[in-house]
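Q: below are the sequence and a predicted model; questions follow.
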Amino acid sequence: MTGLLQRKLLEILQSKKEDEGFSLVELVIVIAVLAILSAVAIPAFQGVQVRAKTSAVKNGLTNGIKECVVSSGLGESTQYRVSQAYAGQYQGYNIRPLGNANPDGATVTCYAAAAIPIATETGNLPFFEIEYDPRDGTVTKNCNLTGVSNPPGCKPLENPPW
């Protein structure tokens, strides 16, 4: 029995340590490949975030107009402050009445609203405006980002632009 243990111990001590694990060159190559992949993926991911923010706020503005039209049809208030869609939290944006009117004012209707980027997002996100004319049912939409010809979420050559 002791002879078997001695042979096993001898085998372990004589085995080469270089046969185990990865070499330094292999590890450096793996790190370089990961760095290249992350350099490509991070900007693409940031573009997805911007598109998600603009899509969410455009849907909120559209839902606010729809909510206002339904409220009007039901004979309920069409004041801006009553609209639930405009009261939502939209990442990167503040929604307010078009023209920066006081949202609590009694004469401010929910037929016109604007999504303004918050201060930390100015320059990254476009602003959006929507206005509904209850007399003829027309909707006017606008979007812009100063200095950018084709801002995310905008289609400047189409009517409506978003």
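A: Ah, there it is.
Q: next one: stretch 108-125 to chain centre, how far?
A: 14 Å (C-alpha atoms, centre = their mean, to the nearest Å).
Q: okay, buried residues for that stretch please.
A: Buried positions in stretch 108-125, judged by neighbour count with 16 or more other C-beta atoms under 10 Å: Val108, Thr109, Cys110, Tyr111, Ala112, Ala113, Ala114, Ala115, Ile116, Pro117, Asn124, Leu125. Quick note: C-beta positions are derived from backbone N, CA and C, even for glycine.
Q: kindly reformat these as a markdown table containing distance to Asn63, pLDDT and secondary structure.
A: Converted to a markdown table, the buried residues of stretch 108-125 look like this (distance: C-beta to C-beta, whole Å; pLDDT from 0 to 100; DSSP: H, G, I helix; E, B strand; the rest coil):
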| residue | distance to Asn63 | pLDDT | secondary structure |
| --- | --- | --- | --- |
| Val108 | 18 | 86 | coil |
| Thr109 | 16 | 89 | strand |
| Cys110 | 11 | 91 | coil |
| Tyr111 | 13 | 94 | coil |
| Ala112 | 14 | 94 | strand |
| Ala113 | 10 | 94 | strand |
| Ala114 | 15 | 94 | strand |
| Ala115 | 12 | 94 | strand |
| Ile116 | 18 | 92 | strand |
| Pro117 | 19 | 92 | strand |
| Asn124 | 24 | 84 | coil |
| Leu125 | 19 | 91 | strand |
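Q: what is the nearest of those to Ala39?
A: If you rank those by distance to Ala39 using C-beta to C-beta, Asn124 comes first, at 20.0 Å.
Q: which residues touch that closest one?
A: Val50, Gly92, Pro117 (C-beta atoms under 8 Å, 6 or more residues apart in numbering).
Q: out of those residues, flag the one nearest to Pro151.
A: Distances from Pro151 to these, taken by C-beta to C-beta, are shortest for Val50, at 9.3 Å.
Q: which two of the buried residues of stretch 108-125 have the greatest separation?
A: Thr109 and Asn124 (30.2 Å).
Q: which helix in this protein runs the most residues?
A: Once the chain is assigned using DSSP state H, the helix that runs over the most residues is helix 24-73.
Q: after that one comes which helix or strand?
A: For helix 24-73, the following helix or strand on the C-terminal side (DSSP states H and E) is strand 93-97.
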